[in-house]
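> Provided below are the primary sequence and the corresponding predicted coordinates.
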Amino acid sequence: MCPTSKRVKVGDRSINEAALLAELANVKQKIEAWATQNELWHDSGFVTPFLHHGAAPRRDGGTVLLVSEGPIGRALAGGDGYSEHTEHFISILEELGYWYETENHYTFCLFPTDDRLQEDFLSLHRWQWLQQLAERKMFELHSEVFEHFAMHPGDLKRLEWRQFEELLDAIFKNQGFYTELGTGTNDGGVDLRLYQNRAIPEIVTLVQAKRYKNPIKLEAVAALLGIAAEQRAPNAIFATTSYFQPKARNFSLSVERRVDLPNVELADSSRIGGWCAEIGQNLDNYFSRGLAEPPMIPGQTGPDAGSIVVAHGGYDCRTNYFAKVEADFPHEVILRPIGTEIVSGDMQAGSEVPSDSARVSWTKKARLLGFKKDGGYLWADSGSFYWDCNSFEKWDGKPQHFHSD
């Protein structure tokens, strides 16, 4: 690691981002040079695990993925030239301080032997994943977003000011409010307006968001109270990544005892982290076990809601994965996995159609979260599949061929 490079804190870890990227570049260069010299690099390349999978980084997902359907892939999968090339590849990895696991017949996960280095890469990738979701404005459906800030509320300060407002918007949506996010400029001191529901245009709560390092003073809290009173809002929330001076907290408590004034709630990073913990658990329960729907899902019908989609996968076989679109958002969909019914052939080969009453065998999750892609394709967390096939497309209504070998 380069000691002079700037270190940044992600979660509970202080990482040297520039040094990590340089380390990874060196590993890739050494492997590619060896493979090229031995004429093995055809149809091969490196990818970042969470970008390849379209899912949050996992500890078992590798620091970098070698993807190859060429000679090096066949060698590592136990095919052509296994004993010679594979042993040489392993020796190169050992010199670099790495090892590998086979994910499937063409994807290989590389890990550092140093556990701390592996954790540093995981921290970096998790933060990059959160930033990617933030850029796409897709916070509210991802439990890992809320789980991260529940565990590391200090990371709220690393968000851009607009990202902080958008995270709060996602929090209040998950709490059941219909939200109206301001433009971010010239908003008159109100960043978010909360309504009980879309049908009733009566403001329940005004929210002011301040991504500050300095403490929040009494004057700022008093100003929010005045705005809430002027707009006849019964409640106001002052949410900040900083903390409140004692005078500001005492003022909020004194206002709480006044029935003729709006209530002003103060939420620092610890309080926001508590909200995130509850939401993260609720979302995890929903996607993993199919428990009660999060409040922001009802009404998200969209044009794709109710559609059945299918993905195909397998190695030396063909397996069909069917799912139904239960909720359709601007950039994502929620998929409910469904089983299949054979309409011709037998258990070894034939054709099949989706069946709501059949047992689902290809994933243990009750719901999957899919990203919309160009052309109407949907992508879901590949960790749910037996094989690395995560491309969904709309089912055309025709029986789908399958075979087991």
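In hand now; what should we look at?
> Every contact and neighbour count from this point should use C-alpha atoms.
Noted.
> export the longest strand along the chain as CSV, just CAs?
Longest strand in the chain, counting residues (DSSP state E): strand 332-345. Extracted in CSV, the C-alpha atoms of strand 332-345 (Å, rounded to 0.1, in the frame of the first residue of the first chain):
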residue,chain,number,x,y,z
GLU,A,332,-36.8,-1.3,-11.5
VAL,A,333,-39.3,-4.1,-11.1
ILE,A,334,-40.1,-6.5,-8.3
LEU,A,335,-40.3,-10.1,-9.6
ARG,A,336,-42.1,-12.9,-7.8
PRO,A,337,-40.5,-16.3,-8.8
ILE,A,338,-43.0,-18.9,-10.1
GLY,A,339,-42.6,-22.6,-11.0
THR,A,340,-43.2,-24.6,-14.1
GLU,A,341,-45.6,-27.2,-15.5
ILE,A,342,-44.4,-29.7,-18.2
VAL,A,343,-46.7,-29.8,-21.2
SER,A,344,-44.7,-32.2,-23.4
GLY,A,345,-41.8,-34.7,-22.9
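> Identify all contacting residues around it.
Strand 332-345 is contacted from outside by 321-328, 350-361, 363, 365-372, 378, 399, using CA atoms under 8 Å, 6 or more residues apart in numbering.
> Among these, name the ones in strands.
321-328, 350-355, 368-372, 378.
> buried subset of those residues?
321-328, 350-354, 368-372, 378 (16 or more other CA atoms under 10 Å).
> element containing residue 133, please.
In this assignment (DSSP states H and E), residue 133 forms part of helix 115-135.
> any residues touching that helix, and which ones?
So helix 115-135 is contacted by 10-11, 13, 15, 17, 20, 50, 56-59, 63, 111-112, 139, 145, 163 (CA under 8 Å, 6+ apart).
> 7 Å - rerun?
Helix 115-135 is contacted from outside by 10, 15, 56-57, 59, 63, 111-112, 139, 145, 163, using CA atoms under 7 Å, 6 or more residues apart in numbering.
> out of those residues, which are inside strands?
Reading strands off the contacts of helix 115-135 with DSSP E, I get 10, 15, 111-112.
> Could you provide the residues you listed in CSV, with additional columns for neighbour count, distance to residue 223 and pLDDT?
CSV is the format used below for the ones in strands among the contacts of helix 115-135 (neighbours: other CA atoms under 10 Å; distance: CA to CA, whole Å; pLDDT from 0 to 100):
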residue, neighbour count, distance to residue 223, pLDDT
10, 17, 33, 83
15, 21, 39, 89
111, 23, 53, 97
112, 20, 53, 97
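> Tell me how the protein divides into domains.
Domain assignment for the chain by automatic domain parsing gives 8-124, 139-274, 308-403.
> Using JSON lines, please lay out those domains together with distance to residue 133.
Below are those laid out as JSON lines (distance: least, CA to CA, whole Å):
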{"stretch": "domain 8-124", "distance to residue 133": "10"}
{"stretch": "domain 139-274", "distance to residue 133": "6"}
{"stretch": "domain 308-403", "distance to residue 133": "11"}
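> could the ones in strands among the contacts of helix 115-135 be laid out in JSON lines, adding distance to residue 183?
Listed next are those as JSON lines, based on distance: CA to CA, whole Å:
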{"residue": "10", "distance to residue 183": "29"}
{"residue": "15", "distance to residue 183": "34"}
{"residue": "111", "distance to residue 183": "43"}
{"residue": "112", "distance to residue 183": "44"}
